[in-house]
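Visitor: coords below, sequence missing:
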């Protein structure tokens, strides 16, 4: 009996000791180790930190050298006291931490940013694209924002042949030296790229292709290229500048008046077929391969989902185009579509262009990738075919091609629209400009203020040039107390595209909403923010400048959605009042409705007459203008939308002097 009790006592003591050690181990705080995983989200870089037992906001802030307030602003939907174990926190990367790519183990580690591709990394790091593919499995199918790409150091710093590649840095050569001859000859070597040759001779790729049209079909070894002589063109060479007189004579785009364009339109209604070439990255072969067809199960995930996502934008644009073709076909339009899958590959685009002359398109829509746009732009310029780029925003793509349409308005038009709004509302109002005071944004802010002051100086309706300035930081409440006027309406422009700063500024203004008369003006990118409080937006009645807005109560929009149900068996998902999410079917429909109709009306003079043909569409309004500097035709249209207290969103009439806001669209 005593022996059994002794055994039980010893067993209990051992068990208690074991449980004590386990308990102590469980509550031993885990060390906070700085994460190496960096993501790119909403225009900013973040560490992705996994919370372990014992992690606190204070310890994490010390480890990352970031304030607790910044961490809280980056994670507004997470309860931070206490921190739930197992969640992932976004930790802002400080600017000095983000400067320069990380290195390690013979590689440069590059975190992918928006709009970057394997080809842009090839140019940035001066390495063959095949090398990027080799060291980054899966990159051939596309790279994603936030993904870390390995770039071999030795390839960047050395021009010696790479095993298996035999790639060398091009060396300047002149096959036919002739002193001050305007042009030289260069023989292509194995491993040469257009980018390397363009850098070697200080010439843009578009100019290089314009001088050597055969480059559209690809760069080949022993091919002889025509290269500008830098001693003959000391200020740099531009194909557009050299041919501008001929181009103006041929196109005569400066001479056409609205009356002349109207005359063209009357003569053009012959119901001839409009030929539209569509070049988009569907990735059809990849998507339809047996291993990549996604499962029907909503819970099953496979690699096919990635391929479907890659081709989603192209598919939705195409669906919208088909709906436009269907609508116009019922009105008697004769339309011929030629669809090409670019697969975001320059070699494939070159092959497509070699066959495009057989189709003889009246207009080209696409492609999407910048490298492919440059190739198609050269083809468009040589044949004087209008080229529509649905999503391109890079300024350099639109230089030297007066046949190119830019659908998304430029930053310059955005600034001028904001300035016009402020200038016409300045009288009897107190203007306040809120922005982040950092070197990163200084040039942008200075440019905006210069445009604003220039507008006010020539605008006689304003009684003041003063605009109070406040900086978005910890002292913002104090600054607002000094800047806001208690007896006037305060028009506050928050000039920031960073969600954390915008949330901070709106929060402070929201707390002052009962004390001051406030009108808040914001930027287009706010519609993409996911963490901004929608109740704050509506209670402050924020006004946003935007090139895109869908009025779901408009008759045309309702008819379009019904058409989607009928023809596509689905309804394009609705953009929320915050603007999150987008369906490109609307954009495809708008492109088809505008450019197919106007191609028929104006035939080959579409580029000259588009400025006289504004059109209200589903997603936006098209008001094209010829850019005097680049020659391309750019959409200049912006709308002002206002978030109302009743949680509706209304379109405002463009402001007039001494006029209050006039509601054009009221869903009630």
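Guide: Received, thanks. Everything numeric in this text was worked out from a predicted model, so none of it was measured.
Visitor: Now the helix or strand where residue 184 lies: buried residues?
Guide: In the assignment (DSSP states H and E), residue 184 maps to strand 183-187. Neighbour-count burial for strand 183-187, counted by 16 or more other C-beta atoms under 10 Å, picks out 183-184, 186. (C-beta placed from N, C-alpha, C; glycine too.)
Visitor: Give the pairing partners of it; include direction for each.
Guide: In its sheet, strand 183-187 lies beside strand 224-228 (antiparallel), with partners assigned from DSSP bridges.
Visitor: so for the strand it pairs with, what's the average pLDDT?
Guide: On average, the pLDDT along strand 224-228 is 84.
Visitor: for stretch 548-560, same thing?
Guide: Computed over stretch 548-560, the mean pLDDT rounds to 88.
Visitor: which helix of this structure spans the most residues?
Guide: helix 304-330 (DSSP state H).
Visitor: partner strands of the next helix or strand after it, parallel or antiparallel?
Guide: Sequence order places strand 335-341 as the next helix or strand after helix 304-330, per DSSP H and E. Strand 335-341 has these partner strands in its sheet, going by DSSP bridges: strand 274-280 (parallel).
Visitor: The helix or strand following the strand it pairs with packs against which elements?
Guide: With elements assigned by DSSP H and E, the helix or strand that comes after strand 274-280 is helix 284-287. Judged by 3 or more C-beta pairs under 8 Å, 6 or more residues apart in numbering; DSSP states H and E, the packing partners of helix 284-287 are helix 304-330.
Visitor: tell me what the helix it packs on is packed against?
Guide: In this structure, helix 304-330 packs against strand 274-280, helix 284-287, strand 335-341, helix 555-568, helix 585-602, with contacts taken as 3+ C-beta pairs under 8 Å, 6+ apart.
Visitor: and residue 414, which of these is closest to it?
Guide: For the helices and strands packed on helix 304-330, the distance to residue 414 is smallest for helix 585-602, at 18.4 Å, taking C-beta to C-beta.
Visitor: How far does the closest one sit from its chain's centre?
Guide: 22 Å (C-alpha atoms, centre = their mean, to the nearest Å).
Visitor: Next, the angle helix 304-330 makes with that helix.
Guide: Compare the direction of helix 585-602 with that of helix 304-330 by axes from the mean of the first three to the mean of the last three C-alpha atoms, to 10 degrees and you get 40 degrees.
Visitor: What residues of helix 585-602 count as buried?
Guide: Applying 16+ other C-beta under 10 Å to helix 585-602 flags 585-602 as buried.
Visitor: What's the mean pLDDT across it?
Guide: When pLDDT is averaged along helix 585-602, the result is 92.
Visitor: same deal with stretch 637-644?
Guide: Rounded to a whole number, the mean pLDDT of stretch 637-644 is 90.
Visitor: Please apply the same query to stretch 393-410.
Guide: Stretch 393-410 comes out with an average pLDDT of 86.
Visitor: again, but for stretch 279-298
Guide: 66.
Visitor: My understanding was that residue 647 contacts residue 538; is that so?
Guide: Yes: taking contact to mean C-beta atoms under 8 Å, the distance of 5.3 Å between residue 647 and residue 538 places them in contact.
Visitor: what about the strand holding residue 184, distance to the chain center?
Guide: Distance of strand 183-187 from its chain centroid, counting by C-alpha atoms, centre = their mean, is 37 Å.
Visitor: could you point out which element follows that strand?
Guide: The first helix or strand that comes after strand 183-187 along the chain, using DSSP H and E, is helix 194-200.
Visitor: elements contacting that following helix?
Guide: For helix 194-200, where contacts count as 3+ C-beta pairs under 8 Å, 6+ apart, the packed elements are helix 205-211.
Visitor: Give me the residues contacting the helix it packs on.
Guide: Identification of contacts with helix 205-211 by C-beta atoms under 8 Å, 6 or more residues apart in numbering yields 183, 194-195, 197-198, 215-216, 225-228, 237-240, 374-375, 377-378, 381-382, 399-401.
Visitor: State the mean pLDDT of the longest helix of the chain.
Guide: According to the model, helix 304-330 has a mean pLDDT of 81.
Visitor: got the angle between it and helix 555-568?
Guide: Computed by the same axes, to 10 degrees, the angle between helix 304-330 and helix 555-568 is 120 degrees.
Visitor: buried set for helix 304-330?
Guide: For helix 304-330, the buried set under the neighbour-count rule, 16+ other C-beta under 10 Å, comprises 304, 306-307, 310-311, 313-325, 327-328.
Visitor: I'd like the helices and strands packed on helix 304-330 laid out as TSV, including distance to residue 542.
Guide: Converted to TSV, the helices and strands packed on helix 304-330 look like this (distance: least, C-beta to C-beta, whole Å):
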stretch	distance to residue 542
strand 274-280	35
helix 284-287	40
strand 335-341	41
helix 555-568	23
helix 585-602	23
